[in-house]
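[1] Please find the sequence and the predicted model below.
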Amino acid sequence: MTERTVTARTCFVFPLVLLVGLADPGHGQQPVSRADSVRRADSIRVARHRLSTVVVNETRLSSVDERTPSRVDDLDVSRAIQGPEAIANALLALPGASAFNDQGARLQPQIMVRGFAVSSVVGSPQGVGVFLNGVRVNEPDAQEVDFDLLPSAAVDRATLVRGSNVLFGRNSLGGTILFTTRRGGDRPEAELTVGGGSYGDQVLTATAGGKRAGIDGFVAFTGENEIGWRHATSANARNVFATIGHQWGPSHESGDIALDLGYAHDRIFEAGSLPLSYLQINPRINYTPGDFFDPDAANLTLRGNEPFAGGIFRGTVFGRRNNVEQFNGNVPPPNTDGFTRNRSGGTTLEWTRPLTIGAVPVGITFGGEYSRESAHIVLLSVGAGAPDSTTTDATIHQDNAATYAQAILSVARGLDLAAGLRADYVHIPYRDGLDATNDGTSMYRRLSPEVGLSYQVTDALKIFAAYKSGFRAPAPLELACANANAPCSLPFSLGNDPPLAPVTTHDYEGGVNLERGRHLALSLDAFWTDVSNDIVLGSPNLTQSYFLNAPKTRRGGVEVSGAVPLSAGFRAFGSYGYVAATYQSTVQIATSDTNPQPTKPGDIIPLSPLHRGRVGLTLDRVLGPVALSGIFDVKAYSGQYMRGDESNQRQRVPGYAVAGFGGSAVYNRYTLTIGVENLFDRSNYTYGIEAQNQLGPYGSNQLPNDAAPVEPFYTPGYARRISVTVSTRM
């Protein structure tokens, strides 16, 4: 492998529900009792369900002028059923978000934002960047994100910034998810939550925080066990996160420093998808029992800020590691046991300052970042009556460097111009411990501009429009598994493959936000993203995959949401997303299809439904000493094409709708919470792939390759799941 340098320049229609109006966030706040205080806090959490403003309100390191033109949505992690899946569930409550699940594991959904995926599944091309306290948590080997390893119990603020953005850089094509954790407050506080539910679910969460002698501290622990709905799908998750910090001056902008420490360890058994003939017998069947995902992660972050040169200087220094074992039972054998050691470390520095140029107010941000990411990957071939053998021993050390700048000018009353530029450099050397002839190096460089306008027409009405450009370098695993003639066995058998080009996007977006007190609220956003050299996944069979560049693809659509207050503490909300993710060029992708055809411009990318909608009600009331809070919602998704049917010839995975309910009752310092997923126990499929059924009819012996039929494999959605927790504040 030689040095290479690349320089990047319906069938189901969900009714559009425009529910308007928004309750005053302070409605009914009467702090005369503990219950009223709790209700007030719950009301604030409910307000996060309202339509978000169409401007960015924070970056990974600093507060940025809110006139930056882009849509942002709050993630209400507090409303989601607590546990390792809380963050993923909160994401699915946002307009236009959807999910599929090829692993058949509740803690490993693959989430789609504007037609780009983000998940913990190695092999799914990742198009969303994720940051925790300013640190990118996309893993080095395949840029995947283990949401189940993030400290959901410690999250204080969480937002999704839609589209690409110069402040966040690579991977942020469909958007960027930002998490900020809690700090200890002036008053000591602690909370303990215990609970259980369906399929052997057990959960325990404990948090505590406070401040003494100017030093603040906070710690959170979450543990969960479950037997699982499908056969051989138990899961165990452990997560602990702690912060210690010190603030000087009247506010954190006057000077602040904090040290974060985190540790998480999961063991998740996976069921995968099933042939349709098996599903008709029993959807709980596990096609290859024994598959599991076993990550062990730790991180250390030092972050702070200090006034400097008329502005604020901020910085982070971090180190992360994640040791992962992934076992895959293959049909036919041999099986694959993979061991990955991910390491990353680096720093981000940022300086912001308000200026006046002539009579024009200007806010500027300058930043730079560097990280070193390393992955050591060992894959073993096991079983099949032969001694275990090492098929892959690869080491990748990746250097990432970037600088960025953004300025916001108030060019007229209510009219603001934002412009930014980012420069990225990525250097990826690949070293093969088994065969040095496979060694090679890839380098990528990219300048990404953005410009936009935001106009505050009236106090109630705001509009914006923007052009943005994004960039994603291929992940090391994608570079090492990019040959259709030598597909990689899952998880991956790496080798000397042709180079992949970087993904680049040109993103056009506009939106309107209308809020008239308690009487009217509506958000509408439209986007159009042209993608060059999109990295897509080819699956010639159920156990092998490879990556390739699709010269042109596109994501386009609209996202709308709104809410209206009702009587007696009720509140109605709704959202709708139309996302058309399509191929715009002809490309032949190897599949198991018996009649494979190349894609045509306009063909829909598999696993991305055109229509996604959500409607529901929330309740917040006080009845005597008890504060009640609840939410009922219905999420609906149109049909989606199966993986392996990129040319859209086959029947789609059927569309579906599922209902959920969550409620809590607070009395004094005790809280009782109940959550129900798939309330009406509706059968549904979240994923589909065309593949050979090597096991043949259920209960029969394995078939030879030439006799194995090709049929659709589906992943069944989770059956009704009930959870109950009890919390106490101390």
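    Structure received. Numbers count the residues shown, from 1 in each chain.

[2] Please enumerate the helices of the stretch 251-400 of the chain.
    In the stretch 251-400 of the chain, the segments counted as helices under DSSP state H, counting those that start in this stretch are 276-279.

[3] any low-confidence regions in it?
    251-253 (pLDDT under 70).

[4] For it, which segments count as strands?
    In the stretch 251-400 of the chain, the segments counted as strands under DSSP state E, counting those that start in this stretch are 256-269, 274-275, 292-308, 311-328, 335-357, 360-382, 389-412.

[5] Out of those, which is the most enclosed?
    Among the strands of the stretch 251-400 of the chain, strand 274-275 has the highest mean neighbour count (mean count of other CB atoms under 10 Å), at a mean of 25. From N, CA and C alone the C-beta is placed, and that goes for glycine too.

[6] other SSEs contacting that strand?
    strand 710-716 (3 or more CB pairs under 8 Å, 6 or more residues apart in numbering; DSSP states H and E).

[7] buried stuff in the strand it packs on?
    Across strand 710-716, burial judged by 16 or more other CB atoms under 10 Å covers 710, 712-716.

[8] need the residues you listed in JSON lines with pLDDT and distance to Leu192, can you?
    Output for the buried residues of strand 710-716, formatted as JSON lines (pLDDT from 0 to 100; distance: CB to CB, whole Å):
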{"residue": "Val710", "pLDDT": "85", "distance to Leu192": "52"}
{"residue": "Pro712", "pLDDT": "92", "distance to Leu192": "46"}
{"residue": "Phe713", "pLDDT": "94", "distance to Leu192": "43"}
{"residue": "Tyr714", "pLDDT": "96", "distance to Leu192": "40"}
{"residue": "Thr715", "pLDDT": "95", "distance to Leu192": "35"}
{"residue": "Pro716", "pLDDT": "96", "distance to Leu192": "35"}
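
[9] how about those, which pair is most distant?
    In these, two members sit farther apart than any others by CB to CB. They are Val710 and Pro716, at 20.0 Å.

[10] List the contacts of the residue positioned nearest the centre of the chain.
    Central residue check for the chain by CA atoms, centre = their mean: the C-alpha nearest the mean position is that of Val118, 4.6 Å away. Residues near Val118 by CB atoms under 8 Å, 6 or more residues apart in numbering: 110-111, 126-128, 130, 145, 174, 177.

[11] Try it again at 6 Å.
    The contact partners of Val118, taken as CB atoms under 6 Å, 6 or more residues apart in numbering, are 111, 126, 128, 145.

[12] farthest-separated two in the residues you listed?
    It's Ile111 and Gln126 that sit farthest apart of the contacts of Val118, by CB to CB, at 10.5 Å.

[13] re earlier: please indicate which of the contacts of Val118 has the highest neighbour count?
    Of all these, the highest neighbour tally under other CB atoms under 10 Å goes to Gln126, namely 27 neighbours.

[14] what separates it from Leu417, distance-wise?
    For Gln126, the distance to Leu417 (CB to CB, to the nearest Å) stands at 32 Å.

[15] burial measure for Pro499, as a count.
    Neighbours of Pro499 (other CB under 10 Å): 15.

[16] ok but it is inside a helix, no?
    No: looking at Pro499 with DSSP: H, G, I helix; E, B strand; the rest coil, it is coil, so not inside a helix.

[17] Against Arg284, how distant is it?
    Distance of Pro499 to Arg284, computed by CB to CB: 43 Å.

[18] Next: Ala657.
    Distance from Ala657 to Arg284, by CB to CB: 22 Å.

[19] Likewise for Arg187?
    Distance of Arg187 to Arg284, given as CB to CB: 48 Å.

[20] again with Ile605
    Using CB to CB, we find Ile605 at a distance of 30 Å from Arg284.

[21] same thing with Thr348?
    Here the criterion is CB to CB. By it, Thr348 lies 46 Å from Arg284.

[22] in the chain, which spans are helices?
    34-47, 86-91, 276-279, 476-479 (DSSP state H).

[23] Now the last one: average pLDDT?
    In this case it means helix 476-479. Averaging pLDDT along helix 476-479 yields 85.

[24] And for the longest one?
    Across helix 34-47, the average pLDDT comes to 36.

[25] how many neighbours does Ile589 have?
    Using other CB under 10 Å, the number of residues around Ile589 comes to 25.

[26] ugh, wrong one, Gly184
    Neighbours of Gly184 using other CB under 10 Å come to 20.

[27] would you list the strands of the stretch 251-400 of the chain in TSV and tack on distance to Gly639?
    Conversion of the strands of the stretch 251-400 of the chain to TSV gives the following (distance: least, CB to CB, whole Å):
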stretch	distance to Gly639
strand 256-269	28
strand 274-275	18
strand 292-308	28
strand 311-328	28
strand 335-357	32
strand 360-382	36
strand 389-412	37
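
[28] Could you list everything Leu418 pairs with in the sheet?
    That one is not Leu; residue 418 is Ala. Ala418 has the following beta-bridge partners by DSSP bridges: Ile408, Gly452.

[29] ok, now Arg516?
    Beta-bridge partners of Arg516, as defined by DSSP bridges: Leu520.

[30] ditto for the one 10 residues further on
    In this structure, Ala526 has the following beta-bridge partners (DSSP bridges): Gly510, Val558.

[31] Could you do the one 10 residues further on as well?
    Residues in a beta bridge with Val536, per DSSP bridges, are Leu548.

[32] Hmm, Ala550 and it touching each other?
    Yes: counting by CB atoms under 6 Å, Val536 does reach Ala550; the two are 5.0 Å apart.

[33] Same drill for these two, tell me which one is more crowded.
    Each of Val536 and Ala550 has its neighbours counted (other CB under 10 Å); Ala550 has more, 21 against 18.

[34] Pull the contacting residues for the more buried one.
    Ala550 neighbours (CB under 6 Å, 6+ apart): 534, 536, 587.

[35] Kindly reformat these as TSV and extend each row with distance to Asn595 and pLDDT.
    Output for the contacts of Ala550, formatted as TSV (distance: CB to CB, whole Å; pLDDT from 0 to 100):
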residue	distance to Asn595	pLDDT
Asp534	24	95
Val536	20	90
Val587	17	92
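
[36] Between those, which sits nearest Ala235?
    Val536 (29.6 Å).

[37] State the distance from that closest one to Val128.
    From Val536 over to Val128 the distance is 16 Å, taken as CB to CB.

[38] List the contacts of Gly602.
    Contacts of Gly602 were listed using CB under 6 Å, 6+ apart, and they are Thr582.

[39] Need the per-residue pLDDT for it.
    Gly602 carries a pLDDT value of 96.

[40] out of the strands of the stretch 251-400 of the chain, which comes closest to Lys468?
    strand 389-412 (11.4 Å).

[41] Just the CA trace of the closest one, in CSV.
    This file holds the C-alpha atoms of strand 389-412, laid out as CSV (Å, rounded to 0.1, in the frame of the first residue of the first chain):
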residue,chain,number,x,y,z
SER,A,389,-5.7,-18.3,14.2
THR,A,390,-5.0,-14.6,14.0
THR,A,391,-6.4,-13.1,10.8
THR,A,392,-5.7,-9.4,11.5
ASP,A,393,-3.1,-7.6,13.7
ALA,A,394,-3.3,-3.9,12.7
THR,A,395,-2.1,-0.7,14.3
ILE,A,396,-3.3,2.7,13.3
HIS,A,397,-2.0,6.0,14.7
GLN,A,398,-4.0,8.9,13.4
ASP,A,399,-3.1,12.6,13.8
ASN,A,400,-5.9,15.2,13.6
ALA,A,401,-5.3,19.0,13.5
ALA,A,402,-7.6,21.9,12.8
THR,A,403,-8.0,25.6,13.2
TYR,A,404,-11.3,27.5,12.9
ALA,A,405,-12.6,31.0,13.1
GLN,A,406,-16.1,32.5,13.2
ALA,A,407,-17.4,36.1,13.3
ILE,A,408,-20.9,37.5,13.8
LEU,A,409,-21.6,41.0,12.6
SER,A,410,-24.6,43.1,13.6
VAL,A,411,-25.0,44.7,10.2
ALA,A,412,-28.4,46.4,10.9
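
[42] and that strand, how far out from the chain's middle?
    Strand 389-412 sits 18 Å away from the centroid of its parent chain (CA atoms, centre = their mean, to the nearest Å).
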